[in-house]
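Asks: Generate coordinates for the sequence data below:
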Amino acid sequence: MSIDFTFSPEVEQARTHIREFLHHTVKARYAQLSANKDAQREDWSELIKELRQEAKAKGFWLPHMPQSVGGMGLGVTALAAVSAEAAKVPYGPYIMNGHAPDEGNMHTMHHFATEYQREQYLNPLLEGEIRSCFSMTEPEVAGSDPTLIQTTAIEDGDDWVINGHKWFTSGARGASFAIVIARTDPDAEIPQARNSAFIVDCDSPGFEIVRDIETMSGSHNHCEILYKDVRVSKANLLGERGGGHKLGQVRLGPARLAHCMRWLGEIEMALEMLIDRAQQRFAHGSLLSEKQSIQWMMSDSAMELYASKLMVLHAAYKIENGMEFKQEVSMAKHHVANTLWKVCDRAVQVHGALGYSKDSPLSAMLLQARWARLADGADEVHQMRIADLLMRAYNDTGSVNAGVGGLPL
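Replies: Take a look at the predicted model:
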């Protein structure tokens with residue numbers, strides 16, 4: 001059995017060209033506009049629009065989607081490398097039209113949408129003409145258990161009527177439509193068959209954005225929404241009736257790994273900043289980089305990043321080859337999210353007051369990193385899932401190997 005940790009020449013060339021575009025064009029023009037103290041919101045909007053058009057023209061568009069719909073057709077493993085690069089540059093994923101939550105919604109609709117839904121919603125999303133959001137989490141019930149969803153959808157003639165309360169619907173402001181998970185079959189024997197998914201136009205009567213929820217790191221378009229007798233055509237049922245849980249899992253499985261891919265880029269950037277600062281800052285008779293406690297921070301971060309990269313690559317490999325991947329994705333999600341938090345925290349510590357201030361990007365990176373341990377499944381939910389699958393592997397085979405990657409060693 002050969003194990004090759006390199007990409008094909010074609011993929012490596014694409015990765016290199018994307019990296020060059022992101023760093024030499026996107027990052028440079030972002031820095032140039034940032035230096036202009038008179039820059040207005042319109043200037044930023046125009047810059048991002050121009051960069052998106054340039055990315056599309058160069059073929060750096062929809063890296064996560066197949067070529068049949070205008071994407072780059074990258075495999076999941078190659079996508080990891082591209083996503084990590086994009087995360088190091090401001091607006092990188094958005095400029096390539098590969099950002100959350102649109103990325104996950106595109107995947108979902110590519111698998112489940114009807115021809116009408118593709119024409120009306122998916123194609124404009126792929127073209128970058130509109131944005132979308134995903135509306136599942138509710139404040140009244142645990143977000144990590146979608147079988148508890150209380151939002152209802154009741155049949156009425158040719159429509160469904162949706163009533164409920166959602167929050168942390170990321171990207172809702174400015175979105176054209178939402179994918180909404182609602183309860184359609186409360187008496188279904190299997191809890192996972194009680195919910196369905198709907199495409200809801202955000203300008204529908206009764207669709208009310210209450211507020212953009214203020215988080216630890218400020219406002220980031222994580223909205224609270226009320227659904228008050230929102231009428232949705234039966235043509236907007238996404239997937240099968242009672243298939244909302246299945247659809248959500250199809251969406252969130254790869255989406256969790258996509259988050260990890262982007263976090264790899266942020267972890268690497270934080271570690272590079274830590275090293276750079278330590279080699280320049282002099283205190284108590286020597287550079288910080290010469291002090292053992294700082295070297296331990298570097299080495300711990302390096303080992304955790306190395307393990308994170310291997311986990312992401314292996315999980316991506318399993319997805320790409322049609323293998324079972326739930327255990328590996330849960331492990332990666334937990335480990336990479338915690339690595340992001342720890343490495344950003346260490347980088348802040350090494351930077352001292354500068355790291356804690358807004359003069360450095362690290363303070364914002366750390367605040368955002370705390371969200372990573374909650375999004376797409378809290379740490380504890382993934383740990384519970386990992387343990388469950390581990391016991392199942394042992395009980396079925398007498399070995400834990402299938403529960404720890406199923407590797408040939």
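Asks: mind listing what's buried in stretch 245-261?
Replies: Going by neighbour count (16 or more other CB atoms under 10 Å), the buried part of stretch 245-261 is 245-248, 250-261. C-beta here means a position set from N, CA and C on the backbone, and glycine is covered the same way.
Asks: Keep only those of these that are in strands.
Replies: Counting by DSSP state E, none of the members of the buried residues of stretch 245-261 fall within strands.
Asks: for these, which one is nearest K333?
Replies: Set against K333, the nearest of these by CB to CB is R256 (4.6 Å).
Asks: Give me the residue at the spatial middle of this protein.
Replies: Ranked by distance to the mean C-alpha position of the chain (CA atoms, centre = their mean), the top residue is H259 at 3.5 Å.
Asks: got the contact list for it?
Replies: With CB atoms under 8 Å, 6 or more residues apart in numbering as the criterion, the residues that contact H259 are A100, K333, V336, A337, A372, A375, D376.
Asks: got a markdown table for those, with distance to A193 too?
Replies: As requested, the contacts of H259 are arranged in a markdown table below (distance: CB to CB, whole Å):
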| residue | distance to A193 |
| --- | --- |
| A100 | 27 |
| K333 | 25 |
| V336 | 32 |
| A337 | 30 |
| A372 | 31 |
| A375 | 25 |
| D376 | 22 |
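Asks: Show the buried residues in these.
Replies: Under a neighbour-count criterion of 16+ other CB under 10 Å, the subset of these counted as buried comprises A100, K333, V336, A337, A372, A375, D376.
Asks: which secondary structure element contains the second one?
Replies: With the criterion set as DSSP states H and E, the secondary-structure element containing K333 is helix 326-351.
Asks: roughly how far is the very next helix or strand once past that helix from the heart of the chain?
Replies: Following the chain from helix 326-351 toward its C-terminal end, the next helix or strand by DSSP H and E is helix 353-356. Helix 353-356 has its average C-alpha position 27 Å from the chain's average C-alpha position, going by CA atoms, centre = their mean, to the nearest Å.
Asks: what does stretch 159-179 give?
Replies: That offset, for stretch 159-179, works out to 18 Å (CA atoms, centre = their mean).
Asks: residues of stretch 88-98 that come out buried?
Replies: Of the residues in stretch 88-98, K88, V89, Y91, G92, P93, Y94, I95, M96, N97, G98 count as buried by neighbour count, 16+ other CB under 10 Å.
Asks: Hmm, I typed the wrong one, I wanted stretch 386-406.
Replies: Under the neighbour-count rule (16+ other CB under 10 Å), stretch 386-406 has I386, L389, A393, A402, G403, G405 buried.
Asks: which one of those residues sits closest to S233?
Replies: Closest to S233 out of these is L389 (39.6 Å), distances taken as CB to CB.
Asks: what residues does the helix or strand hosting that closest one touch?
Replies: Element membership for L389, per DSSP H and E: helix 379-397. Where contact means CB under 8 Å, 6+ apart, the residues beyond helix 379-397 that reach it are 144, 326-327, 330-331, 333-334, 337-338, 373, 377, 399-404.
Asks: Give me the pLDDT for the residue nearest to the centre of the chain.
Replies: The score at H259 is 91. That number is its pLDDT.
Asks: average pLDDT for the helix holding K333?
Replies: In this model, helix 326-351 carries a mean pLDDT of 97.
Asks: tell me what it is packed against?
Replies: Judged by 3 or more CB pairs under 8 Å, 6 or more residues apart in numbering; DSSP states H and E, helix 326-351 is in contact with helix 244-278, helix 292-320, helix 353-356, helix 362-372, helix 379-397.
Asks: quick check: angle from it to helix 362-372?
Replies: Our comparison of helix 326-351 with helix 362-372, counting by axes from the mean of the first three to the mean of the last three CA atoms, to 10 degrees, yields an angle of 160 degrees.
Asks: Can you point out the buried residues in helix 326-351?
Replies: Of the residues in helix 326-351, those buried (16+ other CB under 10 Å) are 327-348, 350-351.
Asks: Ok, stretch 277-294 next?
Replies: R277, A278, L288, S289, I294.
Asks: so how far is I319 from the residue in the chain sticking out farthest from the centre?
Replies: The outermost residue of the chain relative to its centre, with distances by CA atoms, centre = their mean, is G285 at 43.7 Å. Here the distance between G285 and I319 works out to 51 Å (CB to CB, to the nearest Å).
Asks: Please apply the same query to I3.
Replies: 17 Å.
Asks: what are the ranges of the helices in the stretch 1-150 of the chain?
Replies: 9-20, 27-34, 41-58, 76-86, 92-95, 102-112, 115-117, 123-127 (DSSP state H, counting those that start in this stretch).
Asks: Would you mind writing the CA trace of the first one as PDB?
Replies: As requested, the backbone C-alpha atoms of helix 9-20 are provided in PDB (Å, rounded to 0.1, in the frame of the first residue of the first chain):
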ATOM      1  CA  PRO A   9       0.900  18.400 -10.600                       C
ATOM      2  CA  GLU A  10      -2.500  19.800 -11.700                       C
ATOM      3  CA  VAL A  11      -3.700  20.300  -8.200                       C
ATOM      4  CA  GLU A  12      -0.400  21.700  -7.000                       C
ATOM      5  CA  GLN A  13      -0.300  24.200  -9.800                       C
ATOM      6  CA  ALA A  14      -3.900  25.300  -9.000                       C
ATOM      7  CA  ARG A  15      -3.000  25.700  -5.300                       C
ATOM      8  CA  THR A  16       0.200  27.700  -6.100                       C
ATOM      9  CA  HIS A  17      -1.700  30.000  -8.500                       C
ATOM     10  CA  ILE A  18      -4.500  30.600  -6.000                       C
ATOM     11  CA  ARG A  19      -2.000  31.300  -3.200                       C
ATOM     12  CA  GLU A  20      -0.200  33.800  -5.500                       C
END
